[in-house]
Every structure is written in structure tokens, then in C-alpha cells.
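A.B. asks: Give the three-dimensional model of this entry:
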Amino acid sequence: MFRRGAMLIAMLFFLVSSAGAFFVESADGVPEGYLVYDEEPELEISVTFPDLDTCSFPSEDTLELWTGLSNPGWTVEMHRSGGVSTLRQSSRSREKIPGWELSYPSGEDIGLTIRLSGTVPRMAEPGMATIISIRQLDGSSTLRGENEYLIMQMAYPEGSVPASTPPDPVAAAPPYPDLSAFTVSQRSTTPTGSVSSGEEVTIRTYLSFDRQPKTSFPVGDTLRMRTTLIDADWEVSIFKSGGETKRLPKIGYYYTIPGFELSYPVRENLGLSVAVTGTVPVLSAAPLLEITQCGPDGYTREGGIFTHPACISGALPTITPSPTETPIHTPVPSPDVTLTPTPEPTPTITPLPPPQKGEIFSDGISFEGVLDLIQELVGHGMLFVERISPLLERIAGR
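C.D. replies: Okay, here's the model as predicted:
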């Protein structure tokens, strides 16, 4: 029975496929002009793997490095959880790094530094020279999507370089992925216009978690919400397979939901209803409601931010004064009298209010906050037991 249960768990982990991609954070040494024969360019490229999958890179894929430079020299360093190790050091034109060498849990912050040096080859006639190509290949050695970074430029003999502007050397680059897991319902987002200071309003929206292929939300991420409404009262409900689960109500500027409460198979049709009621402040510089999806490192995911369209009425627009001609001063016997204009009143901008004491923020902890935290932990524990019990029963039954 134990062996069959272990096999089931292994299959569950195996079935979580990954389609992770790489992204070029920076590239130093990219040529600004045409290449010249026998020139020796040196490049340093920083690569990251920003994705929502459980692993940083698909183990069945391959990261292929190639250059058209003569006498190439490669040095590939891996950055993992703050440590650095040398992954490759060679003089071949083509280097292949199998996916299993780059496949780590997504929370370990994997990155590569790729250094390349070489010589621009002599060609029979001026032509395009490939400096570096970085490609992600799937199990059939086919390019996966648009995951290719390519630097190439025209090369000429010395003394024959044209004076025209060279083309962009970066011929291809993988797009930065939109890592948000939710879609905002425009129909359920109210109000969409302006509200008045001092008015009591309810800001609403609805999120659908339908952007990921396997799970609704990354278990290691966090959904964070904040508002500038005064005495904000939160009402949040999770909808799963047509059923509604109301979370504990809360009063304060911030509301946080851990990722495991939102992580379900996509077929469960997970949704989140958010309603926060409070008093509109005076000309706040921050949005009335902001929702962000943060990764395990605490930073907002690319594309994982939503700003509610409701705004505060009465804000004065910034007016840029029209330029005036410089006056020509003519000498006169009597001194000029300078009139000092009376400045217009400037509206007071209300800054983002600090978090209330007791919430999980840096401003402190109160007795009421500890009670709220205990209630949250109890609710999370019950949800965890509810989620794990069917799996344990299934394993025990086999």
C-alpha cells in the first residue's frame, strides 16, 4: 500500500509540467556600430528564469548557446540562492546545457551570467555575423515559442565600413512574460467614476484565476490588497466550483491571502470577490484599491498588479504655465516697482495612511492583532486539513 501511495504522489509531481522561459535582464558589450574583421568583442549577458511554474526551467528542455565568432571562449556561471558556481567553461562554438542542470524550485532564484569572447571572422564578402544565440529547445530540439535571444551585425573589412547607421544588433529577444494569475472582471468592478471626499463608499471587484495552465494560483505566491479608505471594512469571498467560502472579515488598510488558499486545479473555476467599505480620504495620492500578486521573494510579479479605476473628485490638475517672452527693460529715472503675486492655495495631499497596529507589517503588533493572526492561522490550518484529507484517504484506500 505504501509503495502504491508513493507512486501516486510521484505521478502527481511528474504531471505538473513546466513551460518556463528565460529572460535577458542585461547585456553588456553589445556592438554599437558595424563589426570589423579580426575585431574581438566581449559580451556579458545576465539571464533569469521568471515564471510561475514549480521549477525554474523544464528538465526535459535544453538551453543552447552558439556563436559565429572565431576562437570563442565561454564562461557560464549559475547564481542560485545567493551562491555562484561555474556551470560551463569551454572554447567550442556550441554549448548545450540540459534542463535538469537548470531545474530548481522556483523559490531558489536561479540566474545565469554568460560571458563570451571571440574574434570576428574574415568573410569572402561583407555579411551578417552572428555574435551570440541563446535558444530554449524542447525535447524534440525545436525552438520553444519565442524563447530565443540573438545578437548579429554586419561585418566589413577594415577601411570599408560604411558611414550609414547600422541595424539593431539585437535581432530577437524573448518577451518578458506576464506572470499574473488573475483576470479582473470589468463588469464587477465598481464604481468606475469619481467619488467625493468624506463620502462612504464600497469599492468592489472580482478576480478570475484562469491564466495558468495547471493550477489557479502559485502556492508560493501571495495576493496582497491595500486601500486608502478610512476605517476600511473588508468582505472577501472565494468561489470554487460554484460554491462560496467567506473569509474572515477584517478592518484595516491591508488584506493578505496566502497562495495555498487560492491554489487549485484550473477545472475548479476559482474566483475571488473583493468588497471594501470605508470613507473616502481627502485627495489621496494612492489608489483607493490596489491588488498585487507577489512572488516568494516579496516582489510584485510582472503584470500582477491591478489598480481600481475609482478616483477622488476635486483633484486639481497640474497646469503647466505657457512660456512668456523675456521683457526688455528700458532704463527709467524712477525705480521699478515689483508686484509680488499672491500664490494660489495648494490642496493638501493626504499620504498613504500607515498600516494599523497588529497587522503583519512593520509598524508593530497589538493584542487585537495577535488574536486576528491566531484566527487566520486556525482558518489556514482547517483549510490545509480539508485539502490534504482526500489525498490521504485515496492513498490509504489503495
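A.B. asks: show me where pLDDT drops low in this structure?
C.D. replies: The chain contains residues with pLDDT under 70 at 1-20, 51-54, 106-107, 314-373, 376, 380, 387, 391, 394, 397-398.
A.B. asks: which ones are touching the residue lying closest to Phe239 once chain neighbours are set aside?
C.D. replies: Nearest residue to Phe239, sequence neighbours excluded (CB to CB, 6 or more residues apart in numbering): Gly271, at 4.0 Å. For every residue, glycine as well, the C-beta is placed using N, CA and C. By CB atoms under 8 Å, 6 or more residues apart in numbering, the contact set of Gly271 is 206-209, 238-240.
A.B. asks: Of those, which belong to strands?
C.D. replies: In strands, judged by DSSP state E, the following of the contacts of Gly271 are found: 206-208, 238-240.
A.B. asks: Quickly name whichever of those residues is closest to Leu150.
C.D. replies: Of all those, Ser208 has the smallest distance to Leu150: 36.3 Å, by CB to CB.
A.B. asks: Kindly state the beta-bridge partners for the closest one.
C.D. replies: Thr183, Gly271 (DSSP bridges).
A.B. asks: Compute the number of surrounding residues for it.
C.D. replies: Ser208 has 17 neighbouring residues, counting by other CB atoms under 10 Å.
A.B. asks: Run a quick check on it versus Ser185, I expect a contact.
C.D. replies: Yes. Taking contacts as CB atoms under 8 Å, Ser208 lies within contact range of Ser185: 6.6 Å.
A.B. asks: Export the contacts of Gly271 to JSON lines and append columns for distance to Gly111.
C.D. replies: Listed next are the contacts of Gly271 as JSON lines, based on distance: CB to CB, whole Å:
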{"residue": "Tyr206", "distance to Gly111": "36"}
{"residue": "Leu207", "distance to Gly111": "30"}
{"residue": "Ser208", "distance to Gly111": "32"}
{"residue": "Phe209", "distance to Gly111": "28"}
{"residue": "Ile238", "distance to Gly111": "34"}
{"residue": "Phe239", "distance to Gly111": "37"}
{"residue": "Lys240", "distance to Gly111": "36"}
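A.B. asks: Let me know the distance separating Gly304 from Tyr206.
C.D. replies: Per CB to CB, to the nearest Å, Gly304 is found 17 Å from Tyr206.
A.B. asks: ok, these two, which is more surrounded?
C.D. replies: When neighbours are counted by other CB under 10 Å, Gly304 and Tyr206 differ, and Gly304 comes out ahead with 22 against 19.
A.B. asks: check which helix or strand covers the nearest residue to that one once chain neighbours are set aside.
C.D. replies: Leaving aside its sequence neighbours, Gly304 sits nearest to Gln293 (CB to CB, 6+ apart; 3.2 Å). Here Gln293 sits within strand 289-294, counting by DSSP states H and E.
A.B. asks: Contacts only, for the closest residue to Val219 other than its chain neighbours.
C.D. replies: Setting aside the residues directly before and after it, Val219 is nearest to Ser263 in space (CB to CB, 6+ apart), at 4.2 Å. Residues counted as contacts of Ser263 (CB under 8 Å, 6+ apart) are 215-219.
A.B. asks: Let's verify Ser263: helix, strand, or coil?
C.D. replies: Taken by DSSP: H, G, I helix; E, B strand; the rest coil, the conformation at Ser263 corresponds to coil.
A.B. asks: Go ahead and confirm Ile238 touches Arg247.
C.D. replies: Yes. Using CB under 8 Å, Ile238 is in contact with Arg247, at 6.7 Å.
A.B. asks: Tell me, how many residues neighbour Cys311?
C.D. replies: By the criterion of other CB under 10 Å, Cys311 has 16 neighbours.
A.B. asks: And it, its phi and psi?
C.D. replies: The phi and psi values for Cys311, taken as degrees, to the nearest 10, are phi -140, psi 170.
A.B. asks: On the strand side of things, show who it bridges to.
C.D. replies: Under the criterion used (DSSP bridges), Cys311 bridges to Ser194.
A.B. asks: before we move on, what about Ser117?
C.D. replies: Beta-bridge partners, per DSSP bridges, of Ser117: Glu42, Gly73.
A.B. asks: Can you give me the buried ones in stretch 28-44?
C.D. replies: 29-31, 34-35, 37, 41, 43 (16 or more other CB atoms under 10 Å).
A.B. asks: CA atoms only: put that stretch into CSV for me.
C.D. replies: The C-alpha coordinates for stretch 28-44 follow below in CSV (Å, rounded to 0.1, in the frame of the first residue of the first chain):
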residue,chain,number,x,y,z
ASP,A,28,26.9,44.4,-21.8
GLY,A,29,29.3,44.6,-24.8
VAL,A,30,26.6,44.7,-27.5
PRO,A,31,28.2,46.4,-30.5
GLU,A,32,27.0,49.9,-31.2
GLY,A,33,28.3,50.0,-34.8
TYR,A,34,29.3,47.7,-37.6
LEU,A,35,31.7,44.9,-36.9
VAL,A,36,35.2,44.8,-38.4
TYR,A,37,37.2,41.7,-39.4
ASP,A,38,39.5,40.5,-36.6
GLU,A,39,37.7,42.7,-34.0
GLU,A,40,37.4,40.9,-30.6
PRO,A,41,34.1,41.7,-29.0
GLU,A,42,33.4,40.6,-25.4
LEU,A,43,29.9,40.2,-24.0
GLU,A,44,28.4,39.6,-20.6
